[in-house]
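Chemist: what follows is a predicted structure for the sequence shown.
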Amino acid sequence: MNYVLKFLNFAVLAFVMLGLVTSCADSDDAQLLSTEEFVGATIDGMEAQGKIGRGGCYEFVFPISINFEDGSTAELADYASLRVVLKTWRENNPDAENKPTLSFPLEVMDEDGSLISVADKDELKELRKECRRGHFDNPRRIRKFFRTACFDVVYPVTLEFPNGSTLEAATPGALKTAIRAWRQSVERPVEDHPSVVFPITVEYEDGTQVEAASKEALKELKDQCADGE
């Protein structure tokens, strides 16, 4: 009889311990999922403001900067570093109420290769209105995590200004500096923007590089981004 009782007590204890271990594992998985959801939702929100990224009309010109609710900022070289920074920040701030936001000014490239400096949220909203793609217009559409960017421009690139002058930018930072300097020198509203000189090379997320010989070819590559979702 004592043997039976001891066995039952051991079985109950083992069951309880197993439950605790499973509960901890589930909790860890839930936390990881919550973090991944946060990263995906934050990037989706940033892109949706201007219909940027896969399925939109524009691509971010990196580096971009983001703002955190405590007033700090971070500069990101690409989508991969953006995801890492958002994941780390979320893990360190699980109870934060506000998602990080885009810092302005920022630069985007449209489907024709025009490079646009965006001064604030209002200008980003205007760009969004000009984009006719409907990807971001359906609130029921569920996007897969991390299927955001389609391609990045490979440097160096040559930049042509509306007055016909050109400048070679060896790095993304040099390109952004040139665009912002030009933007400050012209009157608003801006009708014509600097553009990249074709051919240009773009690199996909898997490392594949493709040359776009013209703005028509670039637009076709962008169309393939949207179709590839």
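Modeler: Arrived safely, thanks for sending.
Chemist: in three-state terms, label the nearest residue to Phe38 once chain neighbours are set aside for me.
Modeler: In space, and not counting its chain neighbours, Phe38 is closest to Arg90: 4.8 Å by C-beta to C-beta, 6 or more residues apart in numbering. (C-beta placed from N, C-alpha, C; glycine too.) Secondary structure, DSSP: H, G, I helix; E, B strand; the rest coil: Arg90 is helix.
Chemist: look up phi and psi at Glu59.
Modeler: phi -130, psi 140 (degrees, to the nearest 10).
Chemist: now for it, how many residues are close by?
Modeler: 23 (other C-beta atoms under 10 Å).
Chemist: distance of the closest residue to it other than its chain neighbours relative to Ser65?
Modeler: Spatially, and ignoring its direct neighbours in sequence, Glu59 is nearest to Met109 (5.0 Å; C-beta to C-beta, 6+ apart). Applying C-beta to C-beta, to the nearest Å, the value for Met109 to Ser65 is 17 Å.
Chemist: so which of these two has more stuff around it?
Modeler: Met109 (25 against 13).
Chemist: how close does that one get to Asp206?
Modeler: Using C-beta to C-beta, one gets 20 Å for the distance from Met109 to Asp206.
Chemist: please apply the same query to Asp70.
Modeler: 36 Å.
Chemist: more neighbours: which of the two?
Modeler: More crowded of Asp70 and Asp206, by other C-beta under 10 Å: Asp70, with 9 against 5.
Chemist: how about the secondary structure of the more buried one?
Modeler: coil.
Chemist: okay, it: pLDDT?
Modeler: Here the pLDDT value assigned to Asp70 is 90.
Chemist: the chain should start at 45 in everything you say after this.
Modeler: Sure, I'll start counting at 45 from here, so that last one is Asp114.
Chemist: got phi/psi on it?
Modeler: phi -90, psi 0.
Chemist: so Ala256 is in contact with Ile244, correct?
Modeler: Yes. Ala256 is within contact range of Ile244, at 5.5 Å (criterion: C-beta atoms under 8 Å).
Chemist: give the residues shared as contacts by these two.
Modeler: Gly157, Leu262 (C-beta atoms under 8 Å, 6 or more residues apart in numbering).
Chemist: now do the helices in the chain.
Modeler: Assigned by DSSP state H, the helices in the chain fall at 46-92, 123-136, 165-174, 216-229, 259-271.
Chemist: buried residues in stretch 123-130, which are they?
Modeler: Tyr123, Leu126, Arg127, Val129, Leu130 (16 or more other C-beta atoms under 10 Å).
Chemist: bridge partners for the nearest residue to the second one once chain neighbours are set aside, pull those for me.
Modeler: If I follow you right, that is Leu126. Spatial nearest neighbour of Leu126, excluding adjacent residues (C-beta to C-beta, 6+ apart): Leu120 at 4.3 Å. Beta bridges link Leu120 to Ile108, judged by DSSP bridges.
Chemist: tell me the contacts of Leu120?
Modeler: Phe106, Pro107, Ile108, Ser109, Ile110, Leu126, Val129.
Chemist: mind listing what's buried along stretch 203-212?
Modeler: Leu203, Glu204, Phe205, Leu211.
Chemist: cool, stretch 111-122 as well?
Modeler: Residues of stretch 111-122 classed as buried: Phe112, Ala118, Leu120 (neighbour count, 16+ other C-beta under 10 Å).
Chemist: what sits against the first one?
Modeler: Residues counted as contacts of Phe112 (C-beta under 8 Å, 6+ apart) are Ala118, Trp133, Pro144.
Chemist: of the residues you listed, closest to Glu91?
Modeler: Nearest to Glu91 among these, counting by C-beta to C-beta, is Pro144 at 13.4 Å.
Chemist: cool, thanks, talk later.
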